[in-house]
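# have a look; sequence and predicted model below, questions after that.
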Amino acid sequence: METVINTIIGALVLSSMYILVALGFALLLSIMGVLNFAHGAIYMVGGYICYQFAVEFGLNQWLSLLLSTLIMGAFGVLLERVCFRPFYGDMYRTIVMTIAIVLVLETTVNVLVGVHIRSLPAFVPGIIKAGAISLSAERLVTFFIGGVLLLGLTLFIKKAKAGQQMLAVSQEPEGAVLQGIDIFRISAVACAMGCALAAVAGSLMGAIFELSPFMGDYMLVKAIQLVILSGIGSIGGVLAGGLIVGSIDAVLPLFASGAVTQAVGLGIIIVLLLIRPRGLFGREVT
Amino acid sequence: MIETEISLRASGRLARIVAYTAVLVISLLLPLWIRSPYLIHVFNLTLINIIAASSLRLIAVSGQLSLGHAGFMSIGAYTAGGLAKHLGWAAWITIPVGAVATMIVAILVGYLFVRLRAIYFSMVSLFFGIGVLAVNQVCEKFTGGYAGLIGVPVMFAGSKVQNYYFFIGLTVFSLLALYRIETCRIGVTLKAIAQSHLVASSVGINEAGYRVFAMGVGCFFVGLSGAAYAHYFAVLSHSSFNFLASVNMLVYVLVGGIGSFAGPIVGTTVLIIIPELFRMLKAYVPYLFAAIMIIVIFVMPEGLVGLPGQIISWIKGSRERKDTHAP
């Protein structure tokens, strides 16, 4: 019973974090057509900035989380302005650009902090006991934060003007421009939001697991899996895709070892894509 | 008019042949000047990567941007290495066997992935590359698992120079074959498919078949380079074929210039040799790598290969501007 509930909680925590990172990736891909390989590195840097404020400078950990989010959000605006805007619509050059960003970010962390694996202290230490079942409070809070952010984001996209504009640009850029939507402004907002969400996820995951300069690579692959599985251009689909990938990652380790899990997980996703070549909720790409 | 165009094209072709021959002669004579085994080792590494990047470009020409190429390279490497180590086969047999094995896997995979287009293909090939490594770790008996495959018999144990000449031969063979395929009718067909698969199939081109063909041929050569890699390094670690290695190959192609055959050759050479020359920077070397990439994408839209053309047109342009300013 306890295993079952813990697995469910684990699946939800992983799913919510994957979705947070993947949403930023999906926004950039569908709005700007940028395949942002740097998203994993941004996630990692977000975790490290939070670590820097909380552990090295001794600030309140929640405040550090907020600061890290704001800094990465500002970085997102910079990224859009300097790195992505000059190459709008040129996929090859943006790929090279994002890989250069990965190199710069990972090397900077490597030089400044070193490759030693660090860990943020728990945001909420302790265990919640409900009857015979004990749950880690940290995980519950992480899931709660992830859920609230996702809810907020969904509302933002559904209700706010900027959110609707994002949706319009991701569906049909030319039509959106004809309606007087400033694509670059929307891209900047999307980029800032994506980076901020990745920073939140990086900080929270840094407390549950650990921080290392290369932790982003794993997350990047997960985010790509999720976005491709749910289909490009569908932001709501990311939620469903996240639950699928998160559940696969939380349930399979119960039955098999790490490498087998990875192989089977990838196999499931490849088969799903072969059955539905444009993702579960995606649009056709030519 | 037409005659001048033909003669221009012929002279361009002659210039290209002269340039390629000059590069070949220089690289054949290189070990006479450079005695340092370390530098020869760097050259060997460059040659292996040139084969891999050029073969990646052939797949890209058909409109399929593969991000799992290192995974295919690992199939060739582990097949050759495993056969040589466990069964004691000679390198002359295992290298072709590794290449053919990679090709067979690529044809099967390419056939499965033929429905996936553009970015979906890229991403699924990425997952495939990661999946190959995961499977690799599962089959621990044959591949050595996480620790890596140690003790593959080395082909030329004596000196790195012998290896160098072997790799030159292998590279020349691969590049000639790839060049031939790209310039003949098949290459034109592949480019047509990349431009519009609908138009291509409407004029009766077997689009799926050609795309699978491109995958097969491209992966044959990357398997060849992987197998040669196994017999050169003697140790295979799965981290040399990870996702980052695939991305690196793509970067070599893109920085060199994906539009031209010389692109991957130039890109690989520049991006491997320049950081090696500055290796005293140690942990800061990736900055140099990133700086080259950023300069290239900002200044040279066609990649490093386009640089001479850009300089020529820039000089011509400034001369014309001078003429117009003159009263």
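Nice, I can see it. Computed from a prediction, not measured in an experiment: that's the story for all the values here. Residues are numbered from 1 along each chain as shown, chains lettered A, B, ... in the order given.
# and for residue 25, the neighbour number?
Unless you meant another one, I'm taking chain A. 29 (other Cβ atoms under 10 Å in any protein chain shown). C-beta: built from backbone N, CA, C; applies to glycine.
# wrong chain, I was asking about chain B
Neighbour tally, B:V25, other Cβ under 10 Å: 10.
# contacts only, for it.
With contact set as Cβ atoms under 8 Å, 6 or more residues apart in numbering or on different chains, B:V25 has no partners.
# which SSE is B:P308 in?
helix B:307-325 (DSSP states H and E).
# average pLDDT for that helix?
Computed over helix B:307-325, the mean pLDDT rounds to 76.
# how about stretch B:191-199?
Stretch B:191-199 shows an average pLDDT of 85 in the prediction.
# quote the end-to-end distance of it.
With Cα to Cα, to the nearest Å as the measure, stretch B:191-199 spans 12 Å from end to end.
# using the three-state scheme, assign B:V154.
Assigned by DSSP: H, G, I helix; E, B strand; the rest coil, the conformation of B:V154 is coil.
# burial of it, as a residue count?
B:V154 has 15 neighbours, counted by other Cβ under 10 Å.
# the helix holding B:P308 vs chain A: in contact?
No. Helix B:307-325 stays clear of chain A (Cβ under 8 Å from any Cβ of the partner chain), getting no nearer than 15.2 Å.
# kindly report the same for stretch B:50-63.
No. For stretch B:50-63 and chain A, the contact criterion (Cβ under 8 Å from any Cβ) is not met; the two come no nearer than 9.4 Å.
# I'd like to know the average pLDDT value across that stretch.
90.
# so where is the stretch 201-327 of chain B shaky, pLDDT-wise?
B:321-327 (pLDDT under 70).
# where does chain A have low pLDDT?
Low-confidence segments of chain A, defined by pLDDT under 70: A:131-132, A:282-286.
# residues from it in reach of chain B?
Counting by Cβ under 8 Å from any Cβ, chain A comes close to chain B at A:29, A:35, A:37, A:86-87, A:92-93, A:95-97, A:99-101, A:103-104, A:106-107, A:110-111, A:217, A:221, A:224-225, A:228, A:232, A:259-260, A:262-263, A:266-267, A:269-270, A:273-274, A:277-279, A:285-286.
# just the buried residues out of these, in PyMOL syntax.
Buried subset of the residues of chain A next to chain B, written as a PyMOL selection, criterion 16 or more other Cβ atoms under 10 Å in any protein chain shown:
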select buried, chain A and resi 29+35+37+87+92+93+95+96+97+99+100+101+103+104+106+107+110+217+221+224+225+228+232+259+260+262+263+266+269+270+273+277+278+279+285
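# from the residues of chain A next to chain B, which ones fall inside helices?
Counted as lying in helices by DSSP state H, out of the residues of chain A next to chain B, are A:29, A:92-93, A:95-97, A:99-101, A:103-104, A:106-107, A:110-111, A:217, A:221, A:224-225, A:228, A:259-260, A:262-263, A:266-267, A:269-270, A:273-274.
# starting at the chain centroid, how far to stretch A:222-242?
Taking Cα atoms, centre = their mean, to the nearest Å, one finds stretch A:222-242 lying 11 Å from the centre of the chain it belongs to.
# then that stretch to PDB, C-alphas only?
What follows is stretch A:222-242, C-alpha atoms only, in PDB (Å, rounded to 0.1, in the frame of the first residue of the first chain):
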ATOM      1  CA  LYS A 222      12.900  14.300 -20.800                       C
ATOM      2  CA  ALA A 223      11.500  17.600 -21.900                       C
ATOM      3  CA  ILE A 224      12.000  16.800 -25.600                       C
ATOM      4  CA  GLN A 225      10.400  13.400 -25.100                       C
ATOM      5  CA  LEU A 226       7.400  15.000 -23.500                       C
ATOM      6  CA  VAL A 227       7.000  17.800 -26.100                       C
ATOM      7  CA  ILE A 228       7.400  15.400 -29.000                       C
ATOM      8  CA  LEU A 229       5.100  12.800 -27.500                       C
ATOM      9  CA  SER A 230       2.400  15.400 -26.900                       C
ATOM     10  CA  GLY A 231       2.900  17.100 -30.300                       C
ATOM     11  CA  ILE A 232       4.300  20.400 -31.300                       C
ATOM     12  CA  GLY A 233       1.900  23.300 -31.100                       C
ATOM     13  CA  SER A 234      -0.300  21.800 -28.400                       C
ATOM     14  CA  ILE A 235       0.300  23.400 -25.000                       C
ATOM     15  CA  GLY A 236      -2.500  21.600 -23.300                       C
ATOM     16  CA  GLY A 237      -1.200  18.300 -24.600                       C
ATOM     17  CA  VAL A 238       2.000  18.800 -22.700                       C
ATOM     18  CA  LEU A 239       0.100  18.100 -19.500                       C
ATOM     19  CA  ALA A 240      -1.100  14.800 -20.700                       C
ATOM     20  CA  GLY A 241       2.300  13.900 -22.200                       C
ATOM     21  CA  GLY A 242       3.900  14.800 -18.900                       C
END
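# what comes up buried for it?
Using 16+ other Cβ under 10 Å as the test for burial, stretch A:222-242 gives A:222-235, A:237-242.
# give the contact list for A:G126.
A:A137.
# next: B:L116.
Contacts for B:L116 (Cβ under 8 Å, 6+ apart) come out as A:L273, A:L274, A:P277, B:V124.
# leaving out sequence neighbours, find the closest residue to the first one.
When you say that, I think you mean A:L273. B:V124 (5.5 Å; Cβ to Cβ, 6 or more residues apart in numbering or on different chains).
# just checking, what packs against the helix or strand encompassing that neighbour?
Here B:V124 is covered by helix B:118-138, with elements defined by DSSP H and E. Applying 3 or more Cβ pairs under 8 Å, 6 or more residues apart in numbering or on different chains; DSSP states H and E, one finds that helix B:118-138 contacts helix A:215-230, helix A:258-275, helix B:69-82, helix B:243-256.
# can I get these in TSV including distance to A:I208?
As requested, the helices and strands packed on helix B:118-138 are exported to TSV (distance: least, Cβ to Cβ, whole Å):
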stretch	distance to A:I208
helix A:215-230	12
helix A:258-275	18
helix B:69-82	30
helix B:243-256	23
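# nearest to B:V222, out of those?
helix B:69-82 (4.9 Å; Cβ to Cβ).
# that closest one packs against which elements?
Contact here means 3+ Cβ pairs under 8 Å, 6+ apart; on that basis helix B:69-82 packs against helix B:37-61, helix B:91-112, helix B:118-138, helix B:140-143, strand B:149-150, helix B:207-233, strand B:235-236, helix B:243-256.
# got a list of what the residue most central in space within chain B touches?
In chain B, the residue lying closest to the centroid (Cα atoms, centre = their mean) is B:A53, at 1.3 Å. Contact analysis of B:A53 by Cβ under 8 Å, 6+ apart lists B:M249, B:Y252, B:V253, B:G256, B:P264, B:I265, B:G267, B:T268.
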